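A.B. asks: Model the structure of this input:
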Amino acid sequence: MENSLYWNLPLDTGLSSPNLETLYLGGNKLSGHIQSDISNCSNLAQVDFGRNSLSGPIPKSLGNLKYLQILVLYDNQLTAEPGEQEMTFLSSLSNCIFLEELVISFNSFNTTIPDYIGNLSISLKKFIASYNQIKGQIPMKIGSLKNLTFLDLSYNNLTGNIPSTLGGVEGLQRL
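C.D. replies: Numbering: from 1, shown residues only. Next comes the predicted model:
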């Protein structure tokens, strides 16, 4: 972390490290796509690819990481799947029942937040998605994230009202 490592992630790395629990590669100069075979590292609990030059969509296979607690992908050039109107990768992350932090700020998703954001882990405490060109309304289902303490959707293209359901998120400290 915080080096000047250069690496263009190959299209098929064949990555398989089932005992790997933490992968911190943030603050480097990694480029290419996040490969779907990262899910072969089945014990990953913490993944940090923040502050790199990664591009393309977030692989849905991340939802196979059943022990995932922290996912940091901010400050890259990540996008939605071509032609998608919403952040569909969030659906797969609903399988990550221990997920506490999801940080995806400073990317270029240019989509809406889907209603199924409410299906994310009940243990989710931080959802940080600022500076992403997110459009549309904040879904009412976001109020289902009862343990949320930090929600940052600033500097996007959101419209409409703040959902009244956020009033039921009693632990919310930062909005």
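A.B. asks: can you pull out the helices in this structure?
C.D. replies: 89-93 (DSSP state H).
A.B. asks: low-confidence ranges in it?
C.D. replies: Residues of the chain meeting the criterion pLDDT under 70: 1-16.
A.B. asks: Can you measure across stretch 60-68, start residue to end residue?
C.D. replies: End-to-end distance of stretch 60-68: 13 Å, with C-alpha to C-alpha, to the nearest Å as the criterion.
A.B. asks: Next: stretch 68-81.
C.D. replies: For stretch 68-81, the first-to-last residue distance is 22 Å (C-alpha to C-alpha).
A.B. asks: hmm, who's touching it?
C.D. replies: With contact meaning C-beta atoms under 8 Å, 6 or more residues apart in numbering, stretch 68-81 is reached by 26, 34, 44-58, 62, 86-88, 93, 96, 98-111, 128. From N, CA and C alone the C-beta is placed, and that goes for glycine too.
A.B. asks: Check which residues of that stretch are buried.
C.D. replies: 68-76, 78-81 (16 or more other C-beta atoms under 10 Å).
A.B. asks: possible to save the residues you listed as CSV with distance to residue 122?
C.D. replies: Shown next, in CSV, are these (distance: C-beta to C-beta, whole Å):
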residue, distance to residue 122
68, 14
69, 13
70, 16
71, 16
72, 20
73, 22
74, 23
75, 28
76, 27
78, 25
79, 28
80, 25
81, 26
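A.B. asks: Which ones among the contacts of stretch 68-81 lie within strands?
C.D. replies: Mapping the contacts of stretch 68-81 onto strands (DSSP state E) picks out 46-48, 53-57, 101-103, 128.
A.B. asks: Just give me the closest of the residues you listed to residue 21.
C.D. replies: Minimum distance to residue 21 across these is 7.1 Å, recorded for residue 46 (C-beta to C-beta).
A.B. asks: Return the distance of that closest one relative to residue 61.
C.D. replies: Distance, residue 46 to residue 61, using C-beta to C-beta, to the nearest Å: 17 Å.
A.B. asks: swap in residue 43?
C.D. replies: Distance from residue 43 to residue 61, by C-beta to C-beta: 15 Å.
A.B. asks: for residue 173, same thing?
C.D. replies: Taken as C-beta to C-beta, the span from residue 173 to residue 61 is 32 Å.
A.B. asks: higher neighbour count, those two?
C.D. replies: residue 61 (16 against 10; other C-beta atoms under 10 Å).
A.B. asks: Next up, the contacts around that one.
C.D. replies: Contacts of residue 61 by C-beta under 8 Å, 6+ apart are 36-39, 92.
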